[in-house]
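**Student:** Kindly generate the corresponding structure for this input.
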Amino acid sequence: MIKIAPSILSADFGRLAAEVGEAKAAGADYIHVDVMDGLFVPNISIGIPVVKSLRGETDMFLDVHLMIDRPHRYVGAFCDAGADLVCFHAEADEPQDILAAIDEIKGRGKKCALAIKPKTPATVLLPYIAQLDMALVMTVEPGFGGQSFMAGQLPKIRGLRALVEQMNPACEIEVDGGIDPSMAPLVVDAGANVLVAGSAVFGKADRAAAVEALRMAAAVKPDF
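**Tutor:** Numbering: from 1, shown residues only. As a prediction, the model looks like this:
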């Protein structure tokens, strides 16, 4: 099943609860929450208080993506704030701290994901795949919304799907960056099943039509 995860990075923060409500009414599956610290990525977005506030306003699945330095320090706080899934970057911490963070997230009864940037090979996730609920492939350089999809990431998604099928078939594969109806068939064909979409949903006046367009496009087999 293909899941659509609108990213609030493209939402109107002045009416964030209403925006999330519109995404739910539109049929979105997850709400993707991008957290940036200005260190791991060259931008600053939101943090724990916003996740806590969102949790009080919606029952939607909160897919919280930490683009922060040394994320093991904060994963527990994001779990407690109401994240349903906490995703952090394999490049942002040491192996022993990645394992500790996975254990902490799981110990709090939440789902766990690891993300990789465009230049990071999928094999970096090998030591962790068996413990993950999701793996995230960035299809743009993390830090800013509205970037164009990097088609060179498609072979990586395909390779990661092969690894997941061997080691942990229940692990979802999420893609984040430049996803719109034209890109959706390509990433789904490569093996992704969770599509993060920012401006492709929140940038449209009719959110229901936007989500449906992504879903319909994802069902189309690419014509190579």
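**Student:** Could you check what's spatially nearest to residue 37, not counting adjacent residues?
**Tutor:** residue 68 (4.0 Å; Cβ to Cβ, 6 or more residues apart in numbering). Placement of C-beta: from N, CA and C, glycine included.
**Student:** Isn't the one you found up against residue 40?
**Tutor:** Yes: contact status for residue 68 versus residue 40: in contact at 5.3 Å, counting by Cβ atoms under 8 Å.
**Student:** got a list of what residue 157 touches?
**Tutor:** Residue 157 makes contact with 137, 173, 175, 187, 190-192, according to Cβ atoms under 8 Å, 6 or more residues apart in numbering.
**Student:** Which is the succeeding secondary structure element to the helix or strand harbouring it?
**Tutor:** Residue 157 belongs to helix 154-167 when assigned by DSSP states H and E. Remark: after helix 154-167, the chain's next helix or strand is strand 172-176, criterion DSSP H and E.
**Student:** That following strand: partners in the sheet, and parallel or antiparallel?
**Tutor:** Next to strand 172-176 in the sheet, as set by DSSP bridges, lie strand 134-138 (parallel), strand 194-197 (parallel).
**Student:** can I get those strands in JSON lines with mean neighbour count and mean pLDDT?
**Tutor:** Below are these laid out as JSON lines (neighbours: other Cβ atoms under 10 Å; pLDDT from 0 to 100):
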{"stretch": "strand 134-138", "mean neighbour count": "26", "mean pLDDT": "98"}
{"stretch": "strand 194-197", "mean neighbour count": "27", "mean pLDDT": "97"}
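**Student:** Mind putting those strands into TSV with distance to residue 90?
**Tutor:** As requested, these are arranged in TSV below (distance: least, Cβ to Cβ, whole Å):
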stretch	distance to residue 90
strand 134-138	9
strand 194-197	17
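**Student:** Which one of these lies nearest to residue 80?
**Tutor:** With respect to residue 80, and counting by Cβ to Cβ, the nearest of those is strand 134-138 at 19.9 Å.
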